[in-house]
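A.B. asks: Structure for this input, please:
(4 chains)
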Number of protein chains: 2
Amino acid sequence: MDIAVVRRFRRSLRRLERLLEAILRDETCCHGVSVAQCHALMGMDELERPSLGGLAVHMGLDKSTLSRTVDGLVKAGLVLREQGGVDRRKTLLLLTENGKALCQRIHTDNDALFVKVLEGVEVASDQVISVFEGLVESLSRQGRSAAQGSKGCGAGAGKMGPGAIAGDSHD
Amino acid sequence: MDIAVVRRFRRSLRRLERLLEAILRDETCCHGVSVAQCHALMGMDELERPSLGGLAVHMGLDKSTLSRTVDGLVKAGLVLREQGGVDRRKTLLLLTENGKALCQRIHTDNDALFVKVLEGVEVASDQVISVFEGLVESLSRQGRSAAQGSKGCGAGAGKMGPGAIAGDSHD
DNA sequence: ATGCAACAGTTGCAAACACCAACTGATGGG
DNA sequence: CCCATCAGTTGGTGTTTGCAACTGTTGCAT
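C.D. replies: Residues are numbered from 1 along each chain as shown, chains lettered A, B, ... in the order given. Predicted structure coming up:
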């Protein structure tokens, strides 16, 4: 494979990283909640009454990190911790009415933004998305052996080859 | 445009964000320098003896942030601050021999990783890259027009740094 | 030349986010 | 009954970031 092509790709990826970073940093961004909180909200929206640990795995975060993030959401009245199930260790997370409403608003806004983004690409949107999904999928596979090796980072699987790939990616 | 398609895209984007976050966090990642430092190194490799401010704009970072990041690189003997040009306010940044060598290593490793990633996608690599570049480009445009007014987006001049963008995207 | 606005960079300060380690309480096998 | 294990919380720490304030430089206009 042509190295120049790879370099182009990596450069674009760096650019995307910075763009996302900048976009995320905007305060109007999440209608009052922080970025991490917003992500957690989206995660809860995707899963069905997840446990804290389950959501942490889903999001690739440490449970302690998520625990604190959820604290904020609970304080803001957007999320409830539901205890007292069969297993009293578990807390299930669920959105309050306000939480659901906020999710809706966030979705609406972001859908609008990304419709524009997708329309701004010359290629047909479904194609763009297919390629993008394929890319993320592949990165996920490759990245697993590269990054996940170092420590038990959430999802048990891990297996970890001895740091073989040392992939920075953040280059 | 079909909303379901947009949602799929957004979900993939969230996933990518988490993946990058996780990969970047790997300590073997940057051969001893931090992620931000590594990015700065790459930026200096792309530009020709940039000033601190110039690199900050290029990277979409506040000059203060970059100043501190560069501090670390200078301490590590990877970068030199070159003063005393025509304009004595400016400091030009340049890589030392060690810095250049590190850049090389980082490039080599990452090229290897992303060759694998690209090979793992079913579509031809040049196509993947074209689509990806188009996407990043479009996001950059949309992001820019979206807000621009909200805050001083770092490097004053505005001119087009990937600075302030109002949309969430971090959803 | 002098005075002043704009610029380049540094430093002080605070916030967000992440991880690991240590801890508490609940579960369940031996 | 005891102890390893699991779920979640809390304490501590590090990185990364931005804004505000400050120093020194430059250049323009008076």
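A.B. asks: quick one: the residue nearest to the spatial centre of chain A from A:Leu47, how far?
C.D. replies: In chain A, the centroid-proximal residue (CA atoms, centre = their mean) is A:Met59; its distance is 5.5 Å. In this view, A:Met59 and A:Leu47 are 10 Å apart by CB to CB, to the nearest Å. Quick note: C-beta positions are derived from backbone N, CA and C, even for glycine.
A.B. asks: Over to A:Gly99?
C.D. replies: Taken as CB to CB, the span from A:Gly99 to A:Leu47 is 14 Å.
A.B. asks: more neighbours, those two?
C.D. replies: Set side by side, A:Gly99 and A:Leu47 show more neighbours around A:Gly99, with 22 against 14, by other CB atoms under 10 Å in any protein chain shown.
A.B. asks: which ones are touching the more buried one?
C.D. replies: Contacts for A:Gly99 (CB atoms under 8 Å, 6 or more residues apart in numbering or on different chains) come out as A:41, A:44, A:73, A:77-79.
A.B. asks: Please narrow the residues you listed to those residing in strands.
C.D. replies: Per DSSP state E, strands hold the following members of these: A:Val79.
A.B. asks: what's the most distant pair in the contacts of A:Gly99?
C.D. replies: A:Met44 and A:Gly77 (14.3 Å; CB to CB).
A.B. asks: of the two, who's got more company?
C.D. replies: A:Met44 (24 against 11).
A.B. asks: Could you report the distance from the more buried one to B:Met59?
C.D. replies: Look at A:Met44 and B:Met59: by CB to CB, they are 33 Å apart.
A.B. asks: Let me know the closest of the contacts of A:Gly99 to chain B.
C.D. replies: Distance to chain B, by CB to the nearest CB, is smallest for A:Leu41 among those, at 8.5 Å.
A.B. asks: pretty sure A:Gln127 is touching B:Phe132, no?
C.D. replies: No. Counting by CB atoms under 8 Å, A:Gln127 sits too far from B:Phe132 to count as a contact (12.0 Å).
A.B. asks: okay, the two: which has more neighbours?
C.D. replies: Using other CB under 10 Å as the criterion, A:Gln127 and B:Phe132 rank with B:Phe132 on top: 21 against 13.
A.B. asks: can you tell me which residues contact that one?
C.D. replies: Listed by CB under 8 Å, 6+ apart, the contact partners of B:Phe132 are A:9, A:12-13, A:131-132, A:135.
A.B. asks: repeat that with 7 Å
C.D. replies: Residues in contact with B:Phe132 (CB atoms under 7 Å, 6 or more residues apart in numbering or on different chains) are A:9, A:12, A:135.
A.B. asks: Which of these sits closest to DNA strand C?
C.D. replies: A:Leu135 (21.2 Å; CB to the nearest atom of the strand).
A.B. asks: a strand runs through the closest one, doesn't it?
C.D. replies: No. With DSSP: H, G, I helix; E, B strand; the rest coil as the criterion, A:Leu135 is assigned helix and is not in a strand.
A.B. asks: Quick one, grab the pLDDT at it.
C.D. replies: pLDDT recorded at A:Leu135 is 94.
A.B. asks: burial of it, as a residue count?
C.D. replies: Neighbours of A:Leu135 under the rule other CB under 10 Å: 24.
A.B. asks: ok, it to B:Leu135 distance?
C.D. replies: Applying CB to CB, the value for A:Leu135 to B:Leu135 is 10 Å.
A.B. asks: For chain A, just list every one of the strands.
C.D. replies: Counting by DSSP E, chain A has strands at residues A:79-82, A:92-95.
A.B. asks: Out of those, flag the one nearest B:Glu119.
C.D. replies: strand A:92-95 (38.6 Å).
A.B. asks: For the closest one, what is the distance to the chain centroid?
C.D. replies: 18 Å (CA atoms, centre = their mean, to the nearest Å).
A.B. asks: buried ones in it?
C.D. replies: A:92-93, A:95 (16 or more other CB atoms under 10 Å in any protein chain shown).
A.B. asks: Tell me the one of these nearest B:Leu20?
C.D. replies: Distance to B:Leu20, by CB to CB, is smallest for A:Leu93 among the buried residues of strand A:92-95, at 25.0 Å.
A.B. asks: Just confirm that closest one contacts A:Pro50, I think it does.
C.D. replies: Yes. Contact criterion CB atoms under 7 Å: A:Leu93 and A:Pro50 qualify, at 5.8 Å.
A.B. asks: shared neighbours, those two?
C.D. replies: Common contacts of A:Leu93 and A:Pro50 (CB under 7 Å, 6+ apart): A:Met44.
A.B. asks: any idea how far stretch A:114-132 is from the chain center?
C.D. replies: Using CA atoms, centre = their mean, the offset of stretch A:114-132 from its chain centre is 20 Å.
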